[in-house]
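Engineer: Prediction below, plus the sequence it came from.
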Amino acid sequence: MPVQIAPSILASDFANLQSEVEMLNRSEADYIHVDIMDGVFVPNISFGLPVTEAIHRHARKPLDVHLMIVNPDLYLEAFRAVGAEIITVHYEACTHLHRTIDAIKKLGAKAGVALNPHTSVDLLGDVLTDLDLVCLMSVNPGFGGQKFIENTYAKVTKLKKLIEAKNSKAIIEIDGGVNLQNAPLLVEAGAGILVAGSFVFNSPDPLATVSALKKM
C-alpha cells in the first residue's frame, strides 16, 4: 500500500485558513491532520470545534483529528459532528481505552490511539485488533517544528511486528519531525501514514513537498 500523507493544518497560516485548506485539496495529500490541544494534556492550546468545522466546510480531504486533550470521551461526538473521519485519542489520556475506542467506532469514525515517545507499543496488545490506526509521536506533543526522535524507527519496527502477530489491520502513523530524509526509513520500517506540518507549510512549494513525500 502506498504511503499516505496527512499535512498538519496546525502549521498553516491561520489568517488564510480557507486558502490553505484549498491548497491541500489540490495536493496529493490523503488526509488533513487536525491537532486539537487543550493546554492541559499538552503545554499548548491550538483550536477547537468551531475551527475544525470551518476546516471541514472547505476540505475535500478526510479530516484526521488528533485529540491531545484530557477527557477525550466528552468530545468524541462533537468532533465527529464537525467532520472528523478519523478520531485519535492518546493512550495516556484514557482510563478506559477499550470503551473509548468502541465509542469512536459507534459514531461511524475510524479509531486511532496515539502513543507519546516514552510509551511502549506493548501496552496496545489487547486492543490492536480493534484499532484502525496507531499514531506514534516522534516528538513530544504540544508544539510543531520539533526535532525527530531517532528511537522512533525501532518503535515502528516493533509495532509492525506486533500488529502482524495480532493479525490487526491497524495502520501506523508517524507524527512529528517528518521530512524527506527520515520518511523513506519510516516507510521501510512499516509506517503507512506520515504527518508533516512545518515541513510542508514552510516549504517554498507545499504541493511539490507533499508530492515528494508521496513518492517515499
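Structural biologist: Received, thanks.
Engineer: which residues does the residue lying closest to Asp132 once chain neighbours are set aside contact?
Structural biologist: Leaving aside its sequence neighbours, Asp132 sits nearest to Lys110 (CB to CB, 6 or more residues apart in numbering; 3.9 Å). Just so you know, the C-beta spots here come from the backbone N, C-alpha and C atoms, and that holds for glycine as well. By CB atoms under 8 Å, 6 or more residues apart in numbering, the contact set of Lys110 is Glu85, Ile86, Ile87, Ile104, Asp132, Leu133.
Engineer: my guess is the first one meets Leu63, correct?
Structural biologist: I take that to be Glu85. Yes: assessed by CB atoms under 8 Å, Glu85 is found in contact with Leu63 at 5.6 Å.
Engineer: Please enumerate the shared neighbours of those two.
Structural biologist: Tyr31.
Engineer: So these two - more neighbours on which side?
Structural biologist: Leu63 (23 against 17; other CB atoms under 10 Å).
Engineer: didn't that one look like it was pressed against Ile36?
Structural biologist: No: with contact defined as CB under 8 Å, Leu63 does not count as touching Ile36 (10.8 Å).
Engineer: Return every residue with contacts to both of these two.
Structural biologist: Common neighbours of Leu63 and Ile36 (CB under 8 Å, 6+ apart) are Thr52.
Engineer: The helix or strand harbouring His66: what's the following helix or strand?
Structural biologist: His66 is part of strand 63-68, with elements assigned from DSSP states H and E. Next along the chain after strand 63-68, taking DSSP H and E as the criterion, comes helix 76-81.
Engineer: Mind listing what's buried along that next one?
Structural biologist: Residues of helix 76-81 classed as buried by neighbour count (16 or more other CB atoms under 10 Å): Leu76, Phe79, Arg80.
Engineer: Make CSV out of the residues you listed and add distance to Ala93 and pLDDT.
Structural biologist: Formatted as CSV, the buried residues of helix 76-81 follow (distance: CB to CB, whole Å; pLDDT from 0 to 100):
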residue, distance to Ala93, pLDDT
Leu76, 12, 98
Phe79, 14, 98
Arg80, 17, 98
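Engineer: Export these as a markdown table, with columns for distance to Glu20.
Structural biologist: What follows is these, written out as a markdown table (distance: CB to CB, whole Å):
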| residue | distance to Glu20 |
| --- | --- |
| Leu76 | 26 |
| Phe79 | 20 |
| Arg80 | 23 |
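Engineer: Good, we can wrap up now.
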